[in-house]
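Trainee: Compute the structure for the input listed below.
(2 chains)
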Amino acid sequence: MLKNYFKIAIRNLWKNKGFTFINIAGLAIGLACFIVIALYVKDELSYDRFYPNAERVYRVDADIKFGGNQLNLTVSSDPMGATLKKDYPQVEEYTRVYASEGGKLVRKGNDYINEDKIVYADSTFFNIFPQKIISGETKTALYEPNTVVISETTAKKYFSTTDAAGKTLEIDKKPFKVTAVIKDMPHNSHFHFDFIMSMKNVDYGWNNYLSHNFHTYILLKPGTDYHAFEKNFEQVLDKYVLPQAKQMMTGLTSMDDFRKSGNYLNYSLMPLTKIHLYSHRFPELEANGNIQYVYIFSAVALFILLIACINFMNLSTARSVNRAKEVGIRKVLGTGKGNLVAQFLSESTLMAFVSMLLALVLTYFTLPVFNKIAAKSMDTGIFWTSSFLPILIMLPFIVGLLAGLYPAFFLSKFKPISVLKGKINAGFKKSTLRSGLVVFQFFTSIVLIIGTVIVYKQLHFIQTTNLGFSKNQVLMIDGTGALNKNDEAFKNTVLGLPGVESGTMSGFLPVTSSRSDNTYSKDAVMDPKNALSMQSWVVDYDYINTLGMQIIKGRNFSKDFGTDSTAVILNETAAKVLGYDDPIGKKLYQDYQDQNGTRRIVYTIIGIVKDFHFESLRQNIFPLGLKLGHNNTMMSFKIAATDLKPLISQIQNKWKALAPGMPFSYRFMDDAFDNMYRAEQRVEQVSITFAVLAILIACLGLFGLVTYMAEQRTKEIGVRKVLGASVPNLVTMLSKDFLKLVLIASLIAFPVAWWVMHQWLQDFAYRIRIDWWVFILAGLIALLIALATVSFQAIKAALANPVESLRTE
Amino acid sequence: MIELKGIYKWVNTGNHRTFLLKDVDLSVKEGEFISIMGPSGSGKSTLLNVIGMLDAFDEGEYNFLHESVHKLKEKQRSSLYKQYIGFVFQAYHLIDELTVYENIETPLIYQNIKTSERKAMVADILDRFQIVGKKDLFPTQLSGGQQQLVGIARALIANPKLLLADEPTGNLNSKQGEEIMRLFKQLNDEGMTIIQVTHSEKNASYGSHIINLLDGMIQDN
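Mentor: Prediction:
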């Protein structure tokens, strides 16, 4: 019986090659999309789960609002981990990662290489995040100062062997003993370190509960409810944080008092397995994913698969008239309804299987492309794992059933007598279900088009919006600290080169990097109400000019004033927090501690700089102060030349002379700026790809439907032609119904797309308005594509010679 | 009115050429009622389609109302037959999805006639054919004779000068057939030029003269 079904199925499919092709191609593309996205989603969900105790590991996060500044941090204070372990038996272990120092120079032979995946960690790091060891051991690896654990890649790079334990590396001019070599961390870890140095080497004002600089992870004992555990932070605040805060702010009496003044300091736990998708804090060790995109892409995968299934249903029912005679004869011969359903289902399942095979081939070839777009490193090996293989086998059955069920019942319902008498003629026009399905397909396509356009517009907005500084033609040279005393000489030599307009020496630039905040006070006595928490950047005289910033009140730093070492220029936001009508000349007080006890510096506000975006446009502009000083970690030059290659090689030559052996690395500020929006650019590319595919599949289906409809109406077209209908008349007639469906689809798609994209834009503090014309444009695109698809067949049908179709049998 | 001179039409099958029409000369004057007869495959319908400009020919000259059809472009030809020619088919070829009224109205739509004018013209012809009561029915609800009546009404709605009928009674019983032929006779008496293809001697006798076709050639009477 089954053999018979398949035999008939294969013959039937072969007979209608065109339809079979459209069906299989559409389904295969749909399935391929589905598989690729399934791989992506699975990968995104797998982050950090491979650590053996992943379910019990939590990061201590801090939310702070103080002095007009609001921060959601991934870091907490240095004693936090130890305090939690000491006071609470639920805490089995803790470890800290210190990543605030950024890149370091590592010596290789006579050269120095700038390494940035370099951190300090407690010796307990490997208890919580066990790594695969290649040589040495990790148990006591970081116990002693001047020890370092390196990755396999690093070992090969510096020692040309993985057996590097016991050897010595020179990091920032200090010798470190390599105590272990570990395998490179898996790609689905939320951090990837090449160098892990002993925490004992960190030079820090220890035991400070008020400074937040350490990524702190704790391992809770099995069965501990972490939400319940979070309540303990209140005790920690009262017992440890408050006493230190009182020292700094004499007016402070209790945490409640602190909160009443509109400030807060809250700690919470972030489960390790959620960090990659849910943590949007600062500073992350690496750029994270976003659960929103996982949802969006999952939905897109399902919708594309549905569109492909719908093609199948539509084409099958549309073809039903041709199959009707077969059904009639079978019924007369005594075939039951169940048998017919089984027959049609085996046909659809067969087709789904063929599509699946094709989809796997497609996936195999397109995965590298997708990997590139989505910055992933997935491979098709996962197909054969026990978690994926069952899905691959089940999918064609599900799809075959889903796509075949309706046509199967539709066809097997025919009454044999009327079918054989040729009275089934309602094959085409009257199917509201079919219309509904076409509407659904175009609804999905239009939503995707609108989404793509809005993502594009937002990215364009980011790139063209007035940032308050000029990022174009700015050359940034990293690691200029290596020049030491030659820094001014280097700066002046570069300034002397033709094509260089101006230059500045400062580690602080308006592209994302790690920085910290300091607290200032309006009055001589600090209390929570008069505090101002802001970043302070050390800059030089040429900073504001070189970066094209604008002083809107007061003046820039100037060599003509001898007192500028205690001068500060605020941005507008900081000025607003202070609330002065005229802030120029007002004082700011800063207290800080060193070996000699508390010291105080009094700053004078000399100018207000127009707000500029120094973080990504996802965030609001926070208070910022510019101070005059010497910081030679980076230099930036405003370039007028258009031919950059010779200029850069000239600069490099000067570098070699003044900083022999040190790595020369440069970037352009606009590139660095674009890097902040990689995630969005990926989303843009992925959504363009899927929008195109969705439309392609939908059009494939539409093409099939129109072909079929034209075939169905050949006679009518012939008659109308003889009655004087022109080709445009006929094309209009054939296209009108479909275009109506596309219009309906647009009307449903508009509000849905608006809502989805409105949600997406909420991620950006600075965002575009959603213009009405985007919707009209998307509708028009869908309409034009549908029209092109439909009219091809419609014109063909309309041009046919009526004599052929009207010939009486 | 119609002048055919040396009309040839053929199809090539492999390197063999089959003639559908061979050296056909024919002239039809206004007001004539011509019956084309001949066995199956003799080229009757082909000839009718050529006259009706639905089908092209390969050689020869065709003048219709002093227009050289063989020199016209597709568009002009179609506007010519839209204006002057009405067709009646053996299988009626009514559009199933349209009512009687809408079927008859269709040619007028394609000639860009205004709605109000169309209404008057359709009402007029419904009245003349006494099918006013059936105007809202669909073709499947009518008998064969009634369907053909609608078909003829549709052919005449735009006031053509020439009516082409391809076996108009082929699907009808003898009584219905006779009614249709009588209608044709009456139309001819009112001045309509008619060319019909028929198998039946009896139907042919309604016409003013008969053309016999065999293997695409006109036989001498």
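Trainee: what's next to the helix or strand harbouring A:Tyr120, contact-wise?
Mentor: A:Tyr120 is part of strand A:118-121, with elements assigned from DSSP states H and E. The set of residues external to strand A:118-121 that reach it, using Cβ atoms under 8 Å, 6 or more residues apart in numbering or on different chains, is A:95-99, A:101, A:103-104, A:106, A:142, A:171, A:193-199, A:201-202, A:285. Quick note: C-beta positions are derived from backbone N, CA and C, even for glycine.
Trainee: Now the helix or strand following that strand: buried residues?
Mentor: Sequence order places helix A:125-128 as the next helix or strand after strand A:118-121, per DSSP H and E. Using 16 or more other Cβ atoms under 10 Å in any protein chain shown as the test for burial, helix A:125-128 gives A:Phe125, A:Phe126, A:Asn127, A:Ile128.
Trainee: Then stretch A:511-528?
Mentor: A:Val511, A:Thr512, A:Arg515, A:Asp517, A:Thr519, A:Tyr520, A:Ser521, A:Lys522, A:Met526, A:Asp527, A:Pro528.
Trainee: same check, this time on stretch B:107-126
Mentor: So for stretch B:107-126, counting by 16+ other Cβ under 10 Å, buried means B:Pro107, B:Leu108, B:Ile109, B:Tyr110, B:Ile113, B:Arg118, B:Met121, B:Val122, B:Ile125, B:Leu126.
Trainee: Which secondary structure state is assigned to the residue of chain A found nearest chain B?
Mentor: As assessed by Cβ to the nearest Cβ, chain B sits closest to A:Gly724 within chain A, at 3.8 Å. Put simply, A:Gly724 is coil when judged by DSSP: H, G, I helix; E, B strand; the rest coil.
Trainee: check contacts around it.
Mentor: B:Ser78, B:Tyr81, B:Lys82, B:Pro107, B:Tyr110, B:Gln111, B:Ala158.
Trainee: Contact residues of chain B facing chain A?
Mentor: B:45, B:49, B:52, B:54-55, B:78, B:81-82, B:87, B:89-91, B:93-97, B:106-107, B:110-111, B:154, B:158, B:166-167, B:170 (Cβ under 8 Å from any Cβ of the partner chain).
Trainee: Restrict these to the buried ones and give me that as a PyMOL selection.
Mentor: In PyMOL, this line selects whichever of the residues of chain B next to chain A come out buried by 16+ other Cβ under 10 Å:
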select buried, chain B and resi 45+49+52+54+55+78+81+82+87+89+90+91+93+94+95+97+106+107+110+154+158+166+167+170
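Trainee: Ranking helices and strands of chain A by mean pLDDT, which lands last?
Mentor: helix A:416-420 (a mean of 63; mean pLDDT, DSSP states H and E).
Trainee: A:Leu475 contacts A:Ile639, correct?
Mentor: Yes. Counting by Cβ atoms under 8 Å, A:Leu475 does reach A:Ile639; the two are 5.4 Å apart.
Trainee: Spatially central residue in chain B, please.
Mentor: Residue closest to the average C-alpha location in chain B (Cα atoms, centre = their mean): B:Leu164, at 1.7 Å.
Trainee: What's opposite it in the beta bridge?
Mentor: Beta-bridge pairing of B:Leu164 under DSSP bridges involves B:Phe87, B:Ile195.
Trainee: wait, what's in contact with it?
Mentor: B:Leu48, B:Ile51, B:Gly52, B:Ile85, B:Gly86, B:Phe87, B:Val88, B:Ile194, B:Ile195, B:Gln196.
Trainee: hmm, 7 Å instead?
Mentor: B:Leu48, B:Ile51, B:Gly52, B:Ile85, B:Phe87, B:Ile195 (Cβ atoms under 7 Å, 6 or more residues apart in numbering or on different chains).
Trainee: before we move on, back to that, of all the residues in the very next helix or strand once past the least confident helix or strand of chain A, which ones are buried?
Mentor: Downstream of helix A:416-420, the first helix or strand assigned by DSSP H and E is helix A:432-464. Buried positions in helix A:432-464, judged by neighbour count with 16+ other Cβ under 10 Å: A:434-435, A:437-459, A:462.
Trainee: List the buried residues for the longest helix anywhere in chain B?
Mentor: In chain B, assigned by DSSP state H, the helix with the most residues is helix B:174-189. Within helix B:174-189, the residues that count as buried by 16+ other Cβ under 10 Å are B:Gln176, B:Gly177, B:Glu178, B:Ile180, B:Met181, B:Leu183, B:Phe184, B:Leu187, B:Asn188.
Trainee: In CSV: those residues, plus pLDDT.
Mentor: Output for those, formatted as CSV (pLDDT from 0 to 100):
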residue, pLDDT
B:Gln176, 87
B:Gly177, 89
B:Glu178, 91
B:Ile180, 90
B:Met181, 92
B:Leu183, 91
B:Phe184, 92
B:Leu187, 91
B:Asn188, 93
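Trainee: May I see these organised as JSON lines, with distance to A:Val692 added?
Mentor: Formatted as JSON lines, these follow (distance: Cβ to Cβ, whole Å):
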{"residue": "B:Gln176", "distance to A:Val692": "59"}
{"residue": "B:Gly177", "distance to A:Val692": "60"}
{"residue": "B:Glu178", "distance to A:Val692": "65"}
{"residue": "B:Ile180", "distance to A:Val692": "58"}
{"residue": "B:Met181", "distance to A:Val692": "62"}
{"residue": "B:Leu183", "distance to A:Val692": "60"}
{"residue": "B:Phe184", "distance to A:Val692": "60"}
{"residue": "B:Leu187", "distance to A:Val692": "60"}
{"residue": "B:Asn188", "distance to A:Val692": "63"}
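Trainee: how far away is the residue lying closest to A:Asp238 once chain neighbours are set aside from A:Asp517?
Mentor: Of all residues not flanking A:Asp238 in the chain, A:Met255 sits nearest, at 6.2 Å (Cβ to Cβ, 6 or more residues apart in numbering or on different chains). Distance check for A:Met255 against A:Asp517: by Cβ to Cβ, to the nearest Å, it reads 20 Å.
Trainee: same deal with A:Glu326?
Mentor: Counting by Cβ to Cβ, the separation of A:Glu326 from A:Asp517 is 77 Å.
Trainee: what's next to the lowest-mean-pLDDT helix or strand in chain B, contact-wise?
Mentor: Using mean pLDDT, DSSP H and E, helix B:74-84 stands out as the lowest-scoring helix or strand of chain B, at a mean of 83. Outside of helix B:74-84, the residues within contact range by Cβ under 7 Å, 6+ apart are A:724, B:52-53, B:64-65, B:67, B:69, B:72, B:110-111, B:160-162.
Trainee: From the residues you listed, pick the one nearest A:Thr154.
Mentor: Distance to A:Thr154 across the contacts of helix B:74-84 (Cβ to Cβ) is lowest for B:Tyr110, with 80.1 Å.
Trainee: chain center to stretch A:745-764: distance?
Mentor: Computed by Cα atoms, centre = their mean, to the nearest Å, the separation of stretch A:745-764 from the middle of its chain amounts to 19 Å.
Trainee: Tell me the buried residues in it?
Mentor: Buried residues in stretch A:745-764 (16+ other Cβ under 10 Å): A:Ala745, A:Ser746, A:Ala749, A:Phe750, A:Ala753, A:Trp754, A:Val756, A:Met757, A:Trp760, A:Leu761, A:Asp763, A:Phe764.
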